[in-house]
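In: Build me a structure from this.
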Amino acid sequence: MGDDERITFGANVKAARKALSLTQAELAEKVGIKQGYLSRIEGGKADMTFEVMTRVAKALGSNVHNLLSR
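Out: Predicted coordinates for the structure are as follows:
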């Protein structure tokens, strides 16, 4: 995944999380990752496996495709 895709995914995760009124800590707990990792994901700075991307999307009631779309 390139920088543009990481940035898009992260921005969409952050927007979806805020729309659900979840804190980073709450979403991280739902996904089973550390809050710092989620912060890096939202900032477009984290490398992720497809499994992590899928778990994040599922926790947000979305899918990976939607979170990668601009």
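In: what's the lengthiest helix in the chain packed up against?
Out: The longest helix of the chain (DSSP state H) is helix 3-19. In terms of contacts (3 or more C-beta pairs under 8 Å, 6 or more residues apart in numbering; DSSP states H and E), helix 3-19 is packed against helix 35-42, helix 64-68. The way it works is simple: take the backbone N, C-alpha and C, and place the C-beta from them, glycine included.
In: hey, which of these is tucked in deepest?
Out: helix 35-42 (a mean of 18; mean count of other C-beta atoms under 10 Å).
In: Off-centre distance for it?
Out: Distance, stretch centre to chain centre, for helix 35-42: 8 Å (C-alpha atoms, centre = their mean, to the nearest Å).
In: could you give the angle of that helix to helix 3-19?
Out: Relative orientation of helix 35-42 and helix 3-19, computed by axes from the mean of the first three to the mean of the last three C-alpha atoms, to 10 degrees: 120 degrees.
In: ok, then the element right after the longest helix of the chain?
Out: Downstream of helix 3-19, the next assigned helix or strand under DSSP states H and E is helix 24-31.
In: Identify each buried residue in that next one, please.
Out: Residues of helix 24-31 classed as buried: 24, 27-28, 30-31 (neighbour count, 16 or more other C-beta atoms under 10 Å).
In: could you check the angle helix 35-42 makes with it?
Out: 100 degrees.
In: I'd like the distance from helix 24-31 to the chain centre, please.
Out: For helix 24-31 - counting by C-alpha atoms, centre = their mean - the centre lies 10 Å from the chain centre.
In: same question, stretch 33-52
Out: For stretch 33-52 - counting by C-alpha atoms, centre = their mean - the centre lies 6 Å from the chain centre.
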